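J.: need a 3D model of the sequence below.
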Amino acid sequence: MRHKQDEGVWLVDTHAHLDFPELSGDLDGVFQRCHAAGVRLIVTIGIDEKTSRAAVELSRRYPQVYATVGLHPHGARRLSNRDLEHFERLAAEPKVVALGEMGLDYYRDRQPRPLQRLCLEQQLELAVRCRKPAVFHIREAHEDFLKIVTPYVERLQPSVLHCFSGDWDMAVRCLDLGFYLSIPGTVTYKNAWEQQRVVRMAPLDRLLVETDAPYLTPVPFRGKPNEPSYVRYTAEKIAELRGCLFEEVARATTRNAHRVFGWANDGRTQE
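T.: A predicted model of the protein is given here:
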């Protein structure tokens, strides 16, 4: 994949799983394709203790990689003091930028809902204590999510709704709480009407772009494993939907990532 690249315009993939086997066996190739597509930084996501450790290790090895640590709702359990201490130690690593992905998944329902809610609350407390944003995985559970998260908002750093899947009314409620909406490759799908409506109507200064690689591959690569370089297709689709230039979307979403993840103004952001 080759693009004519303006050296002053680049992207951040705010949510990928670089340790997953579809990507981990060819990281050099993944990063080369990112460079060609203008994707400068990647946030790799922890979903349990093992993947959180792997995310931290990748952030240590590669300057363009940052990490999150946390427990996905598919693995939700009552976190022991030992679990919480482990995540807190990992969160203290210099390139860990958020807690998560945490949340509620009532679509797959792989864990009992009360346990999912408890696990989310425990991780919210940890995010507040660590003074880091949260990355939320919320699927068909937005009402319960809002009930749980609203009391934390004043203490919680501005946080991210990964792969935002709610309708516009829900988007407004989440935006009102100060959250950022992260848009994946599904926005390129023909039947993604509601997600496309959210992208058209939401303030550009509250949108992020992500791949969720190796999942949710955008058109024209749908059916193949996703990878961070493909986040460009998501940004291009957002520009098309909003009737603006790709460069405007790239600069805005990169600035937004800077704000959310607290990166110093040392060349990682675009002016």
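
J.: listing request: residues of this protein with sub-threshold pLDDT.
T.: Applying pLDDT under 70 to the chain flags the ranges 1-8, 264-271.

J.: show me where it has its helices.
T.: 21-24, 27-37, 49-61, 81-91, 113-130, 142-149, 168-176, 193-201, 231-242, 246-261 (DSSP state H).

J.: pull out the buried residues from the first one.
T.: This means helix 21-24. 22-23 (16 or more other Cβ atoms under 10 Å). C-beta: built from backbone N, CA, C; applies to glycine.

J.: contacts for it, please.
T.: For helix 21-24, the surrounding residues in contact (Cβ atoms under 8 Å, 6 or more residues apart in numbering) are 16-18, 30, 213-214, 225, 227.

J.: ChimeraX command for the buried members of those?
T.: Selecting only the buried entries of the contacts of helix 21-24 in ChimeraX, with 16+ other Cβ under 10 Å as the criterion:
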select :16,17,18,30,213,214,227
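
J.: circling back to that earlier point, out of the helices of the chain, nearest to residue 156?
T.: Nearest to residue 156 among the helices of the chain is helix 113-130; the distance by Cβ to Cβ comes to 5.7 Å.

J.: could you dump the closest one to PDB, C-alpha only?
T.: Provided in PDB are the C-alpha atoms of helix 113-130 (Å, rounded to 0.1, in the frame of the first residue of the first chain):
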ATOM      1  CA  ARG A 113     -23.400  -9.100  34.100                       C
ATOM      2  CA  PRO A 114     -23.100  -8.300  37.800                       C
ATOM      3  CA  LEU A 115     -19.500  -9.500  37.700                       C
ATOM      4  CA  GLN A 116     -18.800  -7.300  34.600                       C
ATOM      5  CA  ARG A 117     -20.200  -4.300  36.400                       C
ATOM      6  CA  LEU A 118     -18.100  -5.000  39.500                       C
ATOM      7  CA  CYS A 119     -14.900  -5.500  37.500                       C
ATOM      8  CA  LEU A 120     -15.600  -2.200  35.700                       C
ATOM      9  CA  GLU A 121     -16.100  -0.400  38.900                       C
ATOM     10  CA  GLN A 122     -12.800  -1.800  40.300                       C
ATOM     11  CA  GLN A 123     -10.900  -0.700  37.300                       C
ATOM     12  CA  LEU A 124     -12.500   2.800  37.300                       C
ATOM     13  CA  GLU A 125     -11.300   3.200  40.900                       C
ATOM     14  CA  LEU A 126      -7.800   2.100  39.700                       C
ATOM     15  CA  ALA A 127      -7.900   4.600  36.800                       C
ATOM     16  CA  VAL A 128      -8.800   7.400  39.200                       C
ATOM     17  CA  ARG A 129      -6.000   6.400  41.600                       C
ATOM     18  CA  CYS A 130      -3.500   6.200  38.800                       C
END
